[in-house]
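Q: can't give you the sequence, but here's the structure:
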Ligand SMILES: CC(C)(COP(=O)(O)OP(=O)(O)OC[C@H]1O[C@@H](n2cnc3c(N)ncnc32)[C@H](O)[C@@H]1OP(=O)(O)O)[C@@H](O)C(=O)NCCC(=O)NCCS
């Protein structure tokens, strides 16, 4: 987190703490609509080196609960960036959204995270104007992206 978001989180804003990140992951695994993908390093005792998750978007639930699927937690260890892991994890997540029958995808990304935003824009995601989330305690702003799934 410290490497990936250096220069994006304001210096005065606290970064998420490990305990709260663990709690978030526990919620992810308990969500019956969620699918989680893990990239493992075969040469390092199958250590986790990348993640991505999808779930039904709780902000856009239709009666059948399936209209929009949210992409979350796309993270690769910084020392392995640029080797195709992010693209492979993303592809698994997008295939899952399509196979689950969602009509659209959604995600939140930090406004200042140009690397991730251009990654998503190259894959067809578009900015939803005017939809933002602001982290507490002077934290950064997140913007919302949407993918039409045909
Ligand atoms: C975004 C992220 C997941 C990409 O992972 P990655 O393993 O580096 O991705 P890849 O190696 O598959 O490369 C993805 C793309 O970035 C490009 N790229 C690779 N290294 C690059 C670099 N140093 N500078 C610019 N672009 C680069 C690749 O050419 C590729 O381009 P494509 O989109 O045309 O396929 C990774 O940078 C990351 O974990 N960032 C921090 C967390 C984050 O921002 N997550 C998104 C939160 S919503």
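A: Structure's in. What do you need? Since we're looking at a predicted model, the values are computed, not measured. Residues are numbered from 1 along each chain as shown.

Q: for the residue in the chain that the ligand sits nearest to, what is the enclosing helix or strand?
A: Nearest to the ligand, among the residues of the chain, is residue 86, at 2.1 Å (C-beta to the nearest ligand atom). C-beta here means a position set from N, CA and C on the backbone, and glycine is covered the same way. Element membership for residue 86 (DSSP states H and E) is helix 85-99.

Q: ok, the residue nearest the centre of the chain - contacts?
A: Residue closest to the mean C-alpha point of the chain, counted by C-alpha atoms, centre = their mean, is residue 72 at 2.6 Å. Applying C-beta atoms under 8 Å, 6 or more residues apart in numbering, we find residue 72 in contact with 28, 52, 53, 54, 55, 107.

Q: SS state for the residue in the chain sticking out farthest from the centre?
A: Distance from the centre of the chain peaks at residue 43, with 25.8 Å (C-alpha atoms, centre = their mean). Recorded secondary structure, residue 43: helix (DSSP: H, G, I helix; E, B strand; the rest coil).

Q: so what's the backbone phi/psi at residue 117?
A: Torsion angles at residue 117 (phi, psi; degrees, to the nearest 10) stand at phi -60, psi -40.

Q: for the nearest residue to it once chain neighbours are set aside, name its beta-bridge partners.
A: Setting aside the residues directly before and after it, residue 117 is nearest to residue 109 in space (C-beta to C-beta, 6 or more residues apart in numbering), at 5.8 Å. Beta-bridge partners recorded for residue 109 (DSSP bridges): residue 143.

Q: how many neighbours does residue 109 have?
A: Using other C-beta atoms under 10 Å, residue 109 is surrounded by 20 other residues.

Q: residue 38 touches residue 50, doesn't it?
A: Yes. At 7.2 Å, residue 38 counts as touching residue 50 under the criterion of C-beta atoms under 8 Å.

Q: brilliant, that's me finished.
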